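Novice: Return a 3D structure for these sequence lines:
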Amino acid sequence: AAVGAIAAGWADDEATLSWLRDRATTDDHYDVRRAAVGAIAAGWADDEATLSWLRDRATTDDHYDVRWAAVGAIAAGWADDEATLPLLRDRATTDDHY
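Specialist: As a prediction, the model looks like this:
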């Protein structure tokens, strides 16, 4: 809940995106990482680094819920990107939890 509140209430704070990325990559709890991934995808879709960052989360996070959140965000927000369909196919065939 705190991650969502920070993302919504302090989206204009220049440190928020960096903090969310840190939570999404280093937090011990997958629920926090998953929430941060969702918040970044929803609030910073226009940031030039978001899509590549989400692709990284979709393939490298240790927990399938976090990877699932990143894949879902990519499919929903970047369906027209030429790399999205190959990524989805890869995740569907190589990820042990899909």
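
Novice: From now on I want contacts and neighbour counts done on CA atoms only, so please keep to that.
Specialist: Noted.

Novice: In space, what's closest to the most centrally placed residue in the chain - neighbours in sequence excluded?
Specialist: Taking Cα atoms, centre = their mean as the criterion, V37 is the residue nearest the geometric centre of the chain, at 3.2 Å. Of all residues not flanking V37 in the chain, A24 sits nearest, at 5.8 Å (Cα to Cα, 6 or more residues apart in numbering).

Novice: before we move on, which element is that neighbour in?
Specialist: helix 16-26 (DSSP states H and E).

Novice: For that helix, the averaged confidence score.
Specialist: Per-region confidence: helix 16-26 scores 97 on mean pLDDT.

Novice: neighbouring contacts of the following helix or strand past it?
Specialist: Going down the chain from helix 16-26, the next helix or strand is helix 30-43, by DSSP H and E. Under the criterion Cα atoms under 8 Å, 6 or more residues apart in numbering, residues 3-4, 7-8, 11, 17, 20-21, 23-27, 50, 54, 63, 65-66, 69-70, 73-74, 77 lie in contact with helix 30-43.

Novice: Same check on stretch 77-86?
Specialist: The contact list for stretch 77-86, computed with Cα under 8 Å, 6+ apart, reads 41, 45, 51, 74-75.

Novice: Please state the offset of it from the chain centre?
Specialist: Between the centre of stretch 77-86 and the centre of its chain there are 15 Å (Cα atoms, centre = their mean, to the nearest Å).

Novice: what does stretch 6-20 give?
Specialist: Per Cα atoms, centre = their mean, the displacement of stretch 6-20 from the mean C-alpha position of its chain is 15 Å.

Novice: Buried residues in it, which are they?
Specialist: Across stretch 6-20, burial judged by 16 or more other Cα atoms under 10 Å covers 6-7, 11, 16-17, 20.

Novice: same question, stretch 86-98
Specialist: For stretch 86-98, by 16+ other Cα under 10 Å, it's 87-88, 91.
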